[in-house]
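>>> A structural model of the following input is requested.
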Amino acid sequence: MCGEHRTHPIDTVTVPGRSRSPGPRSPAEVREAVRHAFEGARRSRSRDIVAGDEAVGDALLVASELTTNAMLHGGGVTQFEVTLDDWDVRLSVSDRSEELPTSAQHIDERGFMRVGGHGWPIVCHLARDITISELDAGGKRITAVVPLSPR
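Down below sits the predicted model:
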């Protein structure tokens, strides 16, 4: 795990008038949603969000890694959410598995680098805060907060 994390059960609530879609079908869809959120936030505010290319890239990478991990290890993405404020972008990915993410060994028994297994360490490095919540209906939600200002 990343070191410190919080785990607690949460309810999922469907807001009336808002349809609940199945999760995104690919990391590319998630990256597009993050880009769209940045564009919408920039248009709707009287001043620009202070987010350089590096911060946007970090948010895109974290969203992509969380989604890929949910698809590969969590039984698929059941929900994705992105929210921005003046300081952070909050990325939440829900999946069907209750297993907590772990870091894989990067070196095989012969001493060679393994392919894969780098996603969770990347998320842990780029996110300022990570919360893992059990969902009452089963599965989990991972929320990662990526700062918009330089680390």
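>>> only C-alpha atoms for contact and neighbour calcs from this point on.
Noted.
>>> Quick check: which ranges of this protein have low pLDDT?
1-22, 45-51, 105-106, 114-115, 150-151 (pLDDT under 70).
>>> For it, which segments count as strands?
6-10, 77-84, 88-95, 129-135, 140-147 (DSSP state E).
>>> Pipe the ones you listed into TSV and attach mean neighbour count and distance to residue 66 per row.
Output for the strands of the chain, formatted as TSV (neighbours: other Cα atoms under 10 Å; distance: least, Cα to Cα, whole Å):
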stretch	mean neighbour count	distance to residue 66
strand 6-10	12	17
strand 77-84	19	9
strand 88-95	23	7
strand 129-135	19	11
strand 140-147	24	8
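>>> how about those strands in a markdown table, adding distance to residue 54?
A markdown table is the format used below for the strands of the chain (distance: least, Cα to Cα, whole Å):
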| stretch | distance to residue 54 |
| --- | --- |
| strand 6-10 | 27 |
| strand 77-84 | 16 |
| strand 88-95 | 13 |
| strand 129-135 | 18 |
| strand 140-147 | 10 |
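>>> Need the contact partners of the longest helix out of those in the chain.
Counting by DSSP state H, the longest helix found in the chain is helix 53-73. Contacts to helix 53-73, defined as Cα atoms under 8 Å, 6 or more residues apart in numbering, come from residues 26-28, 30-31, 34-35, 76-77, 89, 91, 93-95, 97, 119-120, 122-123, 126-127, 142, 144, 146-150.
>>> repeat that for 6 Å
27, 31, 76, 77, 95, 119, 123, 148 (Cα atoms under 6 Å, 6 or more residues apart in numbering).
>>> okay, the angle between that helix and strand 140-147?
Helix 53-73 and strand 140-147 are oriented at 170 degrees to each other (axes from the mean of the first three to the mean of the last three Cα atoms, to 10 degrees).
>>> Next, the buried residues of helix 53-73.
For helix 53-73, a neighbour-count test (16 or more other Cα atoms under 10 Å) marks 55-56, 58-71 as buried.
>>> then that helix to PDB, C-alphas only?
The C-alpha trace of helix 53-73 is given here as PDB (Å, rounded to 0.1, in the frame of the first residue of the first chain):
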ATOM      1  CA  ASP A  53       1.000  21.300 -17.900                       C
ATOM      2  CA  GLU A  54       2.800  19.200 -15.400                       C
ATOM      3  CA  ALA A  55      -0.200  19.200 -13.000                       C
ATOM      4  CA  VAL A  56      -2.700  18.400 -15.800                       C
ATOM      5  CA  GLY A  57      -0.400  15.600 -16.900                       C
ATOM      6  CA  ASP A  58      -0.200  14.200 -13.400                       C
ATOM      7  CA  ALA A  59      -4.000  14.200 -13.100                       C
ATOM      8  CA  LEU A  60      -4.300  12.500 -16.500                       C
ATOM      9  CA  LEU A  61      -1.800   9.800 -15.500                       C
ATOM     10  CA  VAL A  62      -3.400   9.200 -12.100                       C
ATOM     11  CA  ALA A  63      -6.800   8.900 -13.600                       C
ATOM     12  CA  SER A  64      -5.500   6.500 -16.300                       C
ATOM     13  CA  GLU A  65      -3.600   4.300 -13.800                       C
ATOM     14  CA  LEU A  66      -6.600   4.100 -11.400                       C
ATOM     15  CA  THR A  67      -8.900   3.100 -14.300                       C
ATOM     16  CA  THR A  68      -6.500   0.600 -15.700                       C
ATOM     17  CA  ASN A  69      -6.000  -1.000 -12.300                       C
ATOM     18  CA  ALA A  70      -9.800  -1.200 -11.800                       C
ATOM     19  CA  MET A  71     -10.200  -2.900 -15.200                       C
ATOM     20  CA  LEU A  72      -7.300  -5.300 -14.700                       C
ATOM     21  CA  HIS A  73      -7.600  -6.200 -11.000                       C
END
